[in-house]
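Trainee: Need coordinates for the following:
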Amino acid sequence: MTTSLPVEMVTIPAGLYRVGCDRCYPDGSVRCYPEETPAREVQLDSFQIDVGPVTNAQFRAFVSATQHLTVSELPPDPTLYPDLAPEERIPESVVFQPPPATVDRSKPLSWWSLVAGADWRHPQGPESTIDGLDDHPVVHVAYADAIAYAHWAGKRLPSAEEWEVAARGGLVDAQYAWGDELTPNNRWMANIWQGSFPWHNEELDGWFWTSPVGSFPANGYGLMDVCGNVWEWTNSIYPAATDQQERRIIKGGSFLCADNYCVRYRPSALQGQTVDTATCHMGFRCAKGGS
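Mentor: The predicted model follows:
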């Protein structure tokens, strides 16, 4: 496809909302991670949020208008990485590479690689393209890239709490954006991994990598792709030790989240990501108004 969805926004009304998670299941079928507990109530002002994550076509329009170079297209910042040898100071980004069956699943670095030439135009590496993927979410965007796009669009990034409230679609304490059942009526509701992660993706949902925005049902507020497809940046700081790089909270999980390994595609789940990191499964959506 060569077109993208229009930039539409949904208004989330002001109110008191419940976020986080307290529901832990002993059998591990559904679980909460420590960073998403406890469940709590938050008061939010009314705000607007994009219906879907920013697409390749939308990001291309931004780059065409501003000549913006993403973090992945630039050499690593020498102030952050002073010990890099000259030959290592090259543009690169993080790409998932399915490992051999002998790989120990407790060692996640075994299926991630820094690939020279991987960027938003080349999501799997320099030989790949986004031809025909205009309506897929843009990936390989670091925090600064998302902020730059949002500023150009007259918007901002949502906070983690705003993002979660919007993603829940009006449901309270539900595990997913559509309820508590992963596959209601045997239907896959999000682009996530099916099969034994990280070795084999059965692609029962129809996709291995990203999917076009809107390929799965919208939530109760009309938002799409809030579970799976790509992780999304928020403007909320992720608490970290003072000697670590700055991290921001990302939400939503991605096409690499698997029910047998990582269930962070649930609205309450979150992760901290260093702001200079870009990957093949991380994008963003914008917000307006509110705080």
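Trainee: from what I can see A65 touches Y149, true?
Mentor: No. A65 is not in contact with Y149 according to CB atoms under 8 Å; the separation is 10.3 Å. Where you see a C-beta, it was placed from the backbone N, CA and C, and this is true even at glycine.
Trainee: So for these two, which residue has more residues nearby?
Mentor: Taking other CB atoms under 10 Å, A65 and Y149 do not tie; Y149 has more neighbours (24 against 9).
Trainee: List the contacts of P217.
Mentor: By CB atoms under 8 Å, 6 or more residues apart in numbering, the contact list for P217 reads W178, M189.
Trainee: my read is it is in a strand, agree?
Mentor: No. Counting by DSSP: H, G, I helix; E, B strand; the rest coil, P217 is not found in a strand; it is coil.
Trainee: Tell me the spacing between it and Q58.
Mentor: Using CB to CB, to the nearest Å, P217 is found at 22 Å from Q58.
Trainee: my guess is W152 meets V63, correct?
Mentor: No. Taking contacts as CB under 8 Å, W152 lies outside contact range of V63: 9.7 Å.
Trainee: Sticking with D145, tell me its helix or strand.
Mentor: helix 143-152 (DSSP states H and E).
Trainee: Quick one: mean pLDDT for the next helix-or-strand element following that helix?
Mentor: Using DSSP H and E, the helix or strand that directly follows helix 143-152 along the chain is helix 160-168. Mean pLDDT, computed over helix 160-168, is 98.
Trainee: partner strands of the helix or strand following helix 160-168, parallel or antiparallel?
Mentor: For helix 160-168, the succeeding helix or strand toward the C-terminus, using DSSP H and E, is strand 231-237. For strand 231-237, the paired strands and their directions (DSSP bridges) are strand 247-251 (antiparallel), strand 282-283 (parallel).
Trainee: The ones you listed: which one's closest to V95?
Mentor: Between V95 and the strands paired with strand 231-237, the tightest spacing by CB to CB is seen for strand 282-283, at 11.4 Å.
Trainee: Please say which of W152 and V63 ends up with more neighbours.
Mentor: V63 (19 against 14).
Trainee: Let me know whether my guess that that one is in a strand holds.
Mentor: No. Counting by three-state DSSP, V63 is not found in a strand; it is helix.
Trainee: going forward, begin numbering at 14 instead of 1
Mentor: All right, first residue 14 from here; so that's V76.
Trainee: Contact partners for it?
Mentor: Taking CB under 8 Å, 6+ apart as the test, V76 contacts no residue whatsoever.
Trainee: measure it to A155 for me?
Mentor: For V76 relative to A155 (CB to CB), the value is 14 Å.
Trainee: correct me, but Q61 touches R298?
Mentor: No. Contact between Q61 and R298 fails when scored by CB under 8 Å: they sit 10.9 Å apart.
Trainee: Relative to T115, how far out is V23?
Mentor: Distance, V23 to T115, by CB to CB: 46 Å.
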